[in-house]
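pasting a predicted model and its sequence here:
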Amino acid sequence: MPSAQYARRSAQSAAERDELFRSIDVDRINIWTDRSYVDPLVAFFAEQARRFRH
């Protein structure tokens, strides 16, 4: 599969997954295998704490 077609399908799949998660009220955290997962988790829980305080 050409890379442009792969990129479109990948983006479409991600958008569909994000929409599904929103529709069932599931939060998403982006983590990567080549980076630390600590910063995304800290940011996620900080945002959750801020949301629940209001």
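Sure thing, it's come through. Numbers count the residues shown, from 1 in each chain.

immediately after the longest helix along the chain, which helix or strand?
Counting residues, the longest helix found in the chain (DSSP state H) is helix 3-23. The helix or strand immediately downstream of helix 3-23 is helix 38-53, counting by DSSP states H and E.

contacts for that next one, please.
Contact partners of helix 38-53, identified using C-beta atoms under 8 Å, 6 or more residues apart in numbering, comprise Asp27, Ile29, Asn30, Ile31. Any C-beta I mention is one placed from the backbone N, CA and C, and that applies to glycine too.

TSV please, covering these and showing pLDDT and distance to Arg53.
Output for these, formatted as TSV (pLDDT from 0 to 100; distance: C-beta to C-beta, whole Å):
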residue	pLDDT	distance to Arg53
Asp27	93	16
Ile29	93	20
Asn30	91	23
Ile31	93	25
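
out of those, who's the most crowded?
Greatest neighbour count in those, by other C-beta atoms under 10 Å, goes to Ile31: 12 neighbours.

next up, phi/psi of that residue, please.
Listed backbone geometry of Ile31 is phi -130, psi 160, with angles given as degrees, to the nearest 10.

with adjacent residues omitted, what lies nearest to it?
Distance criterion C-beta to C-beta, 6 or more residues apart in numbering; nearest residue to Ile31, sequence neighbours excluded, is Tyr37 at 4.5 Å.
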